[in-house]
Structure formats: C-alpha cells, structure tokens
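Need a 3D model of the sequence below.
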Amino acid sequence: MKDSLDLSAAQEALAAQPFSKLLGTRLVAFGKGEAVLELDIRDDLRQQNGFVHGGVLGYAADNALTFAAGSAAGAHVLTSGFTIDYLRPADGTLLRAHAHVVRAGRTRVVCRCDLSTLDAKGTQTLCAVAQGTIAVRAS
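Purely as a prediction, here's the structure:
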C-alpha cells in the first residue's frame with residue numbers, strides 16, 4: 001500500500017478487508033481529513049428487535065475514523081481506541097458513517113464520526129456519534 005492515499009487507493013485498501021467485503025461497505029468520499037463510508041442495511045445486519053446491530057455501527061465508526069485519519073496522516077494508521085454513543089435505534093435502507101479529523105499530530109490523530117441512516121425517501125437520521133484516537137505507525 002502507498003504511503004499517501006487518494007480515493008482510489010483508499011477504496012483498494014477497503015476492498016482488501018474481507019469483513020468490509022462481507023458487509024458490502026463502500027468508501028464514497030475520502031480526502032482532506034474526511035471519509036464517508038456507506039453500506040446497505042440488510043435484514044442480516046439487524047438485531048432481534050429489527051434495528052441495525054450496534055456492532056455494525058461500531059464497525060462503521062471504527063473504519064470511518066481510521067480512513068479519515070489516513071487521509072491526513074497517510075496509509076500507516078491503526079485505531080488505538082474509540083468510543084461510541086448510540087442516540088437512537090438505527091433503521092432504514094442505508095447506513096452512512098461520516099468522519100473528520102479534529103486534530104492530526106505526529107503520532108496520533110483524533111477524529112469524530114456521525115453515523116446516520118437514510119430511509120427510502122432519503123430522510124437522514126443521526127443515530128450514533130463516535131470519537132477515536134488513531135495511531136500513526138512508523139512506515
């Protein structure tokens with residue numbers, strides 16, 4: 001993988017993640033300290049009450065946070081930790097995770113992420129927020 005990333009290289013990195021392929025995740029925006037991931041909400045991603053499973057939201061937040069950091073700090077980044085607050089049950093047809101860099105340092109990058117669902121009419125509903133610290137590895 002290249003040291004610096006553009007949208008195409010970042011999409012290749014996402015495609016190299018077997019779990020992301022399993023979920024059908026798409027990287028639809030990348031660069032200048034931001035990243036947007038999307039995935040279609042399917043029945044097999046729901047929990048027993050019919051809402052999107054919290055683990056799916058956590059996955060989306062984790063990946064979006066790290067891709068946002070990578071757009072600012074390069075390809076050699078790893079999540080060192082994140083927190084997520086679930087605001088309301090996630091339901092709809094599409095899950096969108098939009099992350100941006102809050103502060104990029106030499107060894108770590110702090111990012112925030114909004115997780116929203118879209119329904120069939122295109123109405124967007126904020127369902128969770130996350131904040132993470134991303135470690136910059138020596139290349």
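
Show me where the chain has its strands.
26-31, 34-40, 77-86, 94-104, 108-118, 124-136 (DSSP state E).

is it possible to export these to TSV including mean pLDDT?
Output for the strands of the chain, formatted as TSV (pLDDT from 0 to 100):
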stretch	mean pLDDT
strand 26-31	98
strand 34-40	98
strand 77-86	98
strand 94-104	98
strand 108-118	98
strand 124-136	98
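
Quick one: closest of the ones you listed to Gln48.
strand 77-86 (15.7 Å; CB to CB). Where you see a C-beta, it was placed from the backbone N, CA and C, and this is true even at glycine.

who does that closest one pair up with?
Partners of strand 77-86 in the sheet, by DSSP bridges, are strand 124-136 (antiparallel).

The nearest residue to His76 once chain neighbours are set aside: how many residues sit nearby?
Closest residue in space to His76, ignoring its immediate chain neighbours: Arg137 at 4.3 Å, by CB to CB, 6 or more residues apart in numbering. Neighbour count for Arg137, taken as other CB atoms under 10 Å: 12.

Surely Arg137 touches Thr79?
No. Judged on CB atoms under 8 Å, Arg137 makes no contact with Thr79 at a distance of 11.4 Å.

if we can go back for a sec, tell me the spacing between the residue nearest to His76 and Ile84.
Separation of Arg137 from Ile84 (CB to CB, to the nearest Å): 23 Å.

again with Ala128
For Ala128, the distance to Ile84 - CB to CB - is 6 Å.

so what's in contact with those two at the same time?
Leu57, Ala61, Leu115 (CB atoms under 8 Å, 6 or more residues apart in numbering).
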